[in-house]
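J.: Structure for this input, please:
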Amino acid sequence: MARELMYRDALREAIDEEMERDSSVFIIGEGIAERGGSYKVTEGLLDKYGANRVRDTPIAEAGMIGVGVGAAIAGARPIVEILYVDFAMLGMDMLVNQAAKFRLMTGGDGRVPFVMRTQGGTGGGVAAQHSQSLEALFYHIPGLQVVMPSVPADAKGLLKYALRQQDPVMFLEHKHLYMTKGMVPDGEHVIEFGKGDIKRPGKDVTIIAWSNMIPRALEAAAKLAEEGIDAEVLDPRTLVPLDKAMILTSVAKTNRVVIAQEAVRRGGVASDIASIIQAEAFYDLDAPIEIVAGLNIPVPFNLELEKASVPQVDDIVVAARRTLHAKSFALAAE
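T.: Presented below is the predicted three-dimensional model:
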């Protein structure tokens, strides 16, 4: 059986279940205790678990991340909530040079079971310092696992799995998704990392997206269906580890690929996924790989300019059409 839950409620349920299951799990962050967090993900947890396990912090992201990494090394399972991913930049030394490297530097003996929950992306005109999509920064660092769920069921299942890991997890949410609804299975629901999900099967073109781009990709697929184009929508769910097999299997079937990310195109995850496809599935392609991504600019404050700076549904539709109408560039005997 399943119930309909908001994305934020699915996250809360995951945290609650894991705190109940494992007394070493605790959560710290700005306004997460009495206030329940800016998006109400931790609402009610203070009353249930007390101030020792649900603790407000000062506005000091470097300190919060440092406390979390240190506690994890000492054997606890901390969740550190950073209000905006932009602010996680203040703690990058702890993440990049300590948490990500600790297992290697201890010869495999040390573990850092640490989860950083944060959110990013555009929405609401909160401007350049509160709207970035920075998954590529974490994706680039060996030793960090990167998770970007798009629907409530995935949010719950992946967070529960994250809280059972022995290595650091960057759990990246999107501000537009907290109030979205979806069906979440009853009972124990855990999703293993590295297992992507086909959100919509199709045969004509593969659309790869994650986080808030999944709803837009699905809407684009519905529009394409009206034109007789059957798009398959893939959600990796975790960028590290990446479900490469799911992607390559789909490309072998559809022979055309669109990759959609909200982050700026330059140095993005989409470009790396495209390079994997180019290297390992070149002869399956009937058209150049299309990347739909944010503009290489800081996110504007103005709402219309903000919208124009990141991919919209029609951008994905147009890119998919281009793959269908491109002349085949596969090598052929003439």
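J.: tally of neighbours for L104?
T.: Residues lying near L104 (other CB atoms under 10 Å) number 11. For glycine as for every other residue, the C-beta is placed from the backbone atoms N, C-alpha and C.
J.: now the one 4 residues further on
T.: The burial count assigned to G108 is 8, neighbours taken as other CB under 10 Å.
J.: tell me the SS of it?
T.: Here G108 is recorded as coil under DSSP: H, G, I helix; E, B strand; the rest coil.
J.: Kindly report the same for the one 5 residues further on.
T.: Following three-state DSSP, P113 is assigned to coil.
J.: which phi and psi does it have?
T.: For P113, the backbone dihedrals (degrees, to the nearest 10) come out as phi -80, psi 70.
J.: how close does it get to A88?
T.: Distance from P113 to A88, counting by CB to CB, to the nearest Å: 18 Å.
J.: which of the two has more neighbours?
T.: Between P113 and A88, A88 has the larger neighbour count (other CB under 10 Å), namely 25 against 22.
J.: tell me the contacts of the nearest residue to that one once chain neighbours are set aside?
T.: With sequence-adjacent residues excluded and distances taken as CB to CB, 6 or more residues apart in numbering, A88 is closest to I82, at 4.9 Å. Counting by CB atoms under 8 Å, 6 or more residues apart in numbering, I82 touches G29, E61, M64, I65, A88, G91, M116, R117, T118.
J.: For the residue lying closest to the second one once chain neighbours are set aside, grab the count of nearby residues.
T.: For E61, the nearest residue in space outside its immediate sequence neighbours is L90; the separation is 4.2 Å by CB to CB, 6+ apart. With neighbours defined by other CB under 10 Å, the count for L90 comes to 15.
J.: Likewise for K223?
T.: The number of residues packed near K223 is 16, by other CB under 10 Å.
J.: Same check on A74?
T.: A74 has 9 nearby residues by other CB under 10 Å.
J.: distance of it from Y139?
T.: For A74 relative to Y139 (CB to CB), the value is 28 Å.
J.: What of E17?
T.: 28 Å.
J.: Averaged pLDDT, the helix or strand that A153 is a member of. What do you get?
T.: Remark: A153 resides in helix 152-162, with elements defined by DSSP states H and E. Here helix 152-162 scores 99 as its mean pLDDT.
J.: quick one: buried residues of it?
T.: Using 16 or more other CB atoms under 10 Å as the test for burial, helix 152-162 gives P152, A153, D154, A155, K156, G157, L158, L159, K160, Y161, A162.
J.: Show me the contact partners of that helix.
T.: With contact meaning CB under 8 Å, 6+ apart, helix 152-162 is reached by 2, 5-7, 9-11, 13-15, 17-18, 115, 117, 145, 147, 149, 169, 171, 173, 177, 180-185, 189-193, 197, 235, 237-238.
J.: 6 Å instead, please
T.: With contact meaning CB atoms under 6 Å, 6 or more residues apart in numbering, helix 152-162 is reached by 5, 7, 10-11, 13-14, 18, 115, 147, 149, 169, 171, 182, 184, 189-191, 237.
J.: helix/strand/coil for R117?
T.: Of the three states, R117 takes strand under three-state DSSP.
J.: distance of the residue nearest to A88 from R21?
T.: Counting by CB to CB, the gap from I82 to R21 is 24 Å.
J.: Check the gap between the closest residue to E280 other than its chain neighbours and I208 for me.
T.: In space, and not counting its chain neighbours, E280 is closest to L248: 6.0 Å by CB to CB, 6+ apart. Going from L248 to I208 by CB to CB gives 11 Å.
J.: So the two - more neighbours on which side?
T.: I208 (29 against 16).
J.: residues contacting the spatially most central residue of the chain?
T.: With distances taken as CA atoms, centre = their mean, the residue of the chain nearest its centroid is M148 (1.3 Å). Applying CB under 6 Å, 6+ apart, we find M148 in contact with L172, W210, S211.
J.: Filter those down to the buried ones, PyMOL style.
T.: Of the contacts of M148, the buried ones can be selected in PyMOL as follows, counting by 16+ other CB under 10 Å:
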select buried, resi 172+210+211
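J.: Restricted to strands, list the contacts of M148.
T.: L172 (DSSP state E).
J.: In JSON lines, list the contacts of M148 along with distance to A100.
T.: Shown next, in JSON lines, are the contacts of M148 (distance: CB to CB, whole Å):
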{"residue": "L172", "distance to A100": "15"}
{"residue": "W210", "distance to A100": "21"}
{"residue": "S211", "distance to A100": "22"}
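J.: Please identify which of the contacts of M148 is nearest to H130.
T.: L172 (14.5 Å; CB to CB).
J.: tell me the mean pLDDT over the top strand by length along the chain?
T.: The longest strand of the chain (DSSP E) is strand 257-264. Averaging the model's pLDDT scores along strand 257-264 yields 99.
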